[in-house]
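A.B. asks: what's the 3D shape of this:
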Amino acid sequence: MKQAEVDQKLNRTAFADGPRLLADIGATHARFALQTAPGEFRAVRVLKCDDFTGIVPLLRSYLADHADITLNHAALAVANPVSGDQVRMTNRDWEFSTDEVRRALGLHTLLVVNDFTALAMSLPGLKPADLMQVGGGAPASNSVIGVLGPGTGLGVSGVIPTVDGFVTLGSEGGHTNFAPADEREYSILQYAWQTWSHVSTERLISGPGMEIIYRAIAKRNGRQVRDLSSQEIMSGALSDKDPLCLEVLECFCAMLGGASANLAVTLGAFGGVFIGGGIVPRMGEWFASSPFRSRFEAKGRFTSYLSEIPTYVITTPNPAFYGVATILSEHLRGRSGANTLMERVQHLQHELTPAEQRVASLVLEQPRLVLNEPIADIARMAEVSQPTVIRFCRSLGFLGLADFKLKFASSLTGAIPVRHSQVRISDSTHDLSAKVIDNTVSAILKFRDQLDVRSLDRAIALVSKAKRVEFYAMGNSRVVALDGQHKFFRFRIPTSVYGDSHLFTLAAELLTAGDVVIAISNSGKLPELLQAVDAARAAGADVIAITSSNSPLAKKATVCLAVDHSEDSTTFLSMISRILQLLLIDILSVGISLDAQNSELVLERKASKGVEAESRRLLISHLDS
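C.D. replies: Numbering: from 1, shown residues only. Predicted coordinates:
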C-alpha cells in the first residue's frame with residue numbers, strides 16, 4: 001500500500017480531531033504510535049535516540065513518514081522528572097521547552113509526562129493476558145499499586161486510590177541508596193564504590209548496572225573477562241547457559257526482588273507490584289523461576305506480609321502507550337477545567353474585536369508567558385490596553401484575567417484530574433445534582449474506552465439466534481433485566497425474567513441448546529446464581545454475564561460483558577453500575593436491530609404470526625430512519 005493511502009486510512013479515526021501522536025522516549029530508544037481510537041495504536045515505530053541531536057529532530061523524523069496526516073494533539077512520556085515547561089533529560093544530553101516543541105510541530109496540545117507516571121497510569125487497564133504473575137498472592141481491591149522497571153535506568157512509580165479516584169506518583173525512587181542483602185552483593189557495592197561515592201539502586205538494577213555486576217562478580221571469582229553488554233549477558237545466561245552469566249542474572253533478579261519488596265512495604269502495595277522496563281520481559285519464563293520472588297518475600301518478620309502481595313511482569317508491548325493515551329484523553333475531555341482552552345481561543349478568534357484578536361494571538365503563540373506575566377506586561381506584548389485584556393477574558397466566559405489563568409493553567413498541565421467527587425452533607429441541591437451527573441458521565445466515558453467489542457459481537461450473535469432468552473437477576477440488577485425483557489420482546493424473542501433465587505436453577509434445568517441466559521450481578525458471587533449458570537451450561541444453553549470481569553460469574557459465562565465500575569453494593573445502594581448495565585442492554589438492542597441475520601428472523605417471526613412485515617428492522621431512537 002502506498003504511503004499516501006496509509007495516511008488517508010490513518011486520518012479516518014474515531015476521534016473527531018484526527019489521530020493523536022503518542023511517544024515513549026527513553027534514554028536509548030524512542031517508541032512512537034498514532035492513536036486512531038481508544039486502544040488502537042497504528043504506525044508503531046522504534047527509533048534510536050543516538051541517531052538524533054534533540055527531541056525535535058527525533059519527532060520530525062517519525063512524522064516525516066506521515067506528512068499528509070493532520071495532527072492536533074500529542075503526548076510524550078519521557079524518562080525524566082517533569083516539572084513545568086522546561087525538561088532536561090537525566091540519561092541523555094537533551095533539553096527542551098514543551099511549548100517551543102508544540103509550536104515547532106504546529107500542535108494544539110502537547111503534554112509531556114514522566115514515563116513511569118504513564119506506565120503507572122496504564123496499570124488499571126491491563127488485562128490478565130498482558131501480565132505474567134510471579135509467585136503467589138492476590139491483589140486487594142481499592143489498594144495501592146507499585147511499579148518499577150529496569151532499563152537504561154530504574155523507573156519507580158505507584159498508583160494510589162483516593163476518595164475521588166486515584167493519583168499516580170511522580171517518583172524518582174530509582175535514586176535511593178542501593179542496599180546489599182548478602183556478602184556477594186556487598187562485594188558488588190564495594191566494586192561500584194571505586195567509581196562512585198554514592199551508589200544508587202539504579203546504578204546496579206538497570207542495563208548498565210547488569211554490566212557492572214558482571215565485572216564485579218568476575219573479579220570476585222578471579223576471572224579475566226572481556227566486557228559484555230547487558231544483552232550479551234542475558235543471551236549468555238539464557239541461551240548458552242554460561243555459568244558466570246547465569247550467576248549475574250540470578251544476582252540481578254535477587255536485587256530486583258529486594259528493591260520491589262522495599263517499594264511494596266513503603267507504599268503498602270496490596271494491589272500488587274508490577275515490573276516493566278525493557279529488561280525483565282525479555283527474560284521470559286526464566287524470570288518466574290529466578291530468585292526474584294524468594295528475595296521479595298525474604299523480609300524477616302514481614303515475610304507473611306509480603307507473601308500476600310502479588311508480583312507481575314508486564315508482558316504486553318508498549319504499555320506506556322495506554323497510560324500516556326489515557327492522560328491525553330483525560331486532558332482533552334477537560335475533567336478539571338482542561339477543556340482544550342487553546343482550541344476555544346482559536347475557534348472564537350474570528351469573533352473577537354481586532355484588539356482582542358491580538359491578545360488571542362499572544363495566548364496561542366506563547367501560552368506559558370501569558371500564564372506567568374502580569375496584566376501590564378500581557379497588554380504591552382499584545383500592544384493593547386489592560387481593559388482589552390480583561391474584555392478578551394470575559395469574551396471567553398471568564399470573570400477576568402485571574403479566572404482565565406486558573407483554568408488556563410489546568411489546560412496546560414498533564415496531571416490526571418479528579419474524576420469522582422463525593423457528595424457532602426453540606427452540598428446544595430445544585431452541587432449534589434452537578435456531582436451526581438458529573439460522576440455518572442465520567443464513569444460512562446471510562447466505560448466506553450474499556451468496552452470489549454469482540455465480546456459484544458459474540459453476545460449480539462448469541463441473542464440474535466436465540467430460541468428464547470431468560471434474564472436472571474436480583475435486587476437492583478432486576479430493574480436492568482426487566483428493561484432487557486421489554487426490549488427483547490419487541491424483537492419477537494421469547495423472553496422471561498427470574499428475580500427469585502430459588503427459581504434460578506429450576507428454570508435453568510428446563511433450557512436446551514439454542515437458549516440464552518443473561519445473568520446480571522454487580523458482585524458476580526451469588527451462590528444461587530452461579531449454581532443456575534452451571535445448570536444452564538450443562539443443559540446446552542449459552543450464558544451472557546453482565547458483571548465484574550474478575551468475578552466467579554464472569555469465569556463461568558460463555559461471554560462476559562464487563563462492568564468494572566467499583567461500588568460496594570454490600571454497604572451502598574449501587575447507582576452508577578446500574579446505569580452502565582442498562583447501557584449494555586441498549587447496545588445489545590441496537591446491535592440486534594442491525595444484525596442481518598436477526599433482520600431475517602424478525603421478518604420470519606412477524607410473518608408467521610400474521611404481522612405485516614413492513615420493515616426489516618425494528619426502529620430504535622439511536623438509528624436513523
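A.B. asks: Now find how far off-centre stretch 136-146 is within its chain.
C.D. replies: 17 Å (CA atoms, centre = their mean, to the nearest Å).
A.B. asks: And stretch 200-212, by the same measure?
C.D. replies: Centre-to-centre, stretch 200-212 and its host chain are 29 Å apart (CA atoms, centre = their mean).
A.B. asks: So which residues make contact with that stretch?
C.D. replies: The contact list for stretch 200-212, computed with CB atoms under 8 Å, 6 or more residues apart in numbering, reads 28, 150-154, 173-179, 188-189, 191-192, 196, 213, 227-230, 233-234, 248-249, 252, 255-256, 259, 278-279. C-beta: built from backbone N, CA, C; applies to glycine.
A.B. asks: quick one: the helices in the stretch 151-300 of the chain?
C.D. replies: Under the criterion DSSP state H, counting those that start in this stretch, the stretch 151-300 of the chain carries helices at the ranges 183-193, 201-204, 207-220, 230-238, 243-267, 292-297.
A.B. asks: Counting neighbours, what do you get for K435?
C.D. replies: 16 (other CB atoms under 10 Å).
A.B. asks: ah, wrong one, I meant V324
C.D. replies: When neighbours are defined as other CB under 10 Å, V324 has 32 of them.
A.B. asks: ok, it touching V112?
C.D. replies: No: under the criterion of CB atoms under 8 Å, V324 is not in contact with V112, lying 9.6 Å apart.
A.B. asks: between these two, what contacts are shared?
C.D. replies: Residues touching both V324 and V112 (CB under 8 Å, 6+ apart): A75, L76.
A.B. asks: Report the residue spans of the stretch 1-150 of the chain with pLDDT below the cut-off.
C.D. replies: The model of the stretch 1-150 of the chain has pLDDT under 70 over residues 1-16.
A.B. asks: quick one, strands of it?
C.D. replies: Ranges of strands in the stretch 1-150 of the chain, per DSSP state E, counting those that start in this stretch, are 20-25, 29-37, 40-48, 73-78, 86-88, 95-97, 109-114, 131-134, 145-150.
A.B. asks: neighbours of the closest residue to R92 other than its chain neighbours, just the number please.
C.D. replies: Nearest in space to R92, with sequence neighbours left out and distances taken as CB to CB, 6 or more residues apart in numbering, is A27 at 5.0 Å. A27 has 22 neighbours, counted by other CB under 10 Å.
A.B. asks: Distance check, the residue most central in space within the chain against G323.
C.D. replies: Among the residues of the chain, the one closest to the centroid is S122, at 3.4 Å (CA atoms, centre = their mean). Plainly put, S122 is 4 Å away from G323 if you go by CB to CB, to the nearest Å.
A.B. asks: Whatever helix or strand A459 lives in: which residues count as buried?
C.D. replies: Here A459 sits within helix 453-465, counting by DSSP states H and E. Of all the residues in helix 453-465, those buried under the rule 16 or more other CB atoms under 10 Å are S455, L456, R458, A459, I460, A461, L462, V463, S464.
A.B. asks: before we move on, what about stretch 20-34?
C.D. replies: 20-28, 30-34.
A.B. asks: same check, this time on stretch 184-202
C.D. replies: R184, E185, I188, L189, Y191, A192, V199, S200, T201, E202.
A.B. asks: in the stretch 301-450 of the chain, which spans are helices?
C.D. replies: 303-307, 319-333, 341-348, 354-365, 367-372, 375-382, 386-395, 401-411, 429-449.
A.B. asks: next one: the stretch 501-625 of the chain
C.D. replies: Secondary structure of the stretch 501-625 of the chain (DSSP H, counting those that start in this stretch): helices located at 501-508, 527-538, 552-556, 576-594, 596-608.
A.B. asks: Now the last one: average pLDDT?
C.D. replies: What that stands for is helix 596-608. Across helix 596-608, pLDDT averages out at 48.
A.B. asks: how about low-confidence regions in the stretch 451-600 of the chain?
C.D. replies: For the stretch 451-600 of the chain, the stretches with pLDDT under 70 are 566-574, 595-600.
A.B. asks: and of the helices of the stretch 151-300 of the chain, who's closest to I518?
C.D. replies: helix 243-267 (39.9 Å; CB to CB).
A.B. asks: May I see the buried residues of that closest one?
C.D. replies: Residues 244-249, 251-264, 267 are the ones in helix 243-267 that count as buried (16+ other CB under 10 Å).
A.B. asks: Check which helices and strands it sits against.
C.D. replies: If you count contacts as 3 or more CB pairs under 8 Å, 6 or more residues apart in numbering; DSSP states H and E, helix 243-267 packs onto strand 145-150, strand 154-162, helix 183-193, helix 207-220, helix 230-238, strand 273-275, helix 292-297, helix 303-307.
A.B. asks: follow-up on the earlier one: angles on the backbone of the residue nearest to R92, please.
C.D. replies: Main-chain torsions, A27, degrees, to the nearest 10: phi -80, psi -30.
A.B. asks: Verify the stated contact: it with D93.
C.D. replies: No: between A27 and D93 there is no contact under CB under 8 Å: 10.3 Å.
A.B. asks: Including distance to V559, could the strands of the stretch 1-150 of the chain go into a markdown table?
C.D. replies: A markdown table is the format used below for the strands of the stretch 1-150 of the chain (distance: least, CB to CB, whole Å):
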| stretch | distance to V559 |
| --- | --- |
| strand 20-25 | 31 |
| strand 29-37 | 22 |
| strand 40-48 | 22 |
| strand 73-78 | 34 |
| strand 86-88 | 45 |
| strand 95-97 | 48 |
| strand 109-114 | 36 |
| strand 131-134 | 22 |
| strand 145-150 | 28 |
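A.B. asks: Can you tell me which of the ones you listed is most buried?
C.D. replies: Stretch with highest mean neighbour count among the strands of the stretch 1-150 of the chain: strand 145-150 (a mean of 28; mean count of other CB atoms under 10 Å).
A.B. asks: Give me the contacts around that strand.
C.D. replies: Residues from elsewhere that reach strand 145-150 (CB under 8 Å, 6+ apart): 116, 119-120, 123, 139, 154-159, 173-174, 205-207, 209, 256, 259-260, 263-264, 267, 269, 271-280, 314.
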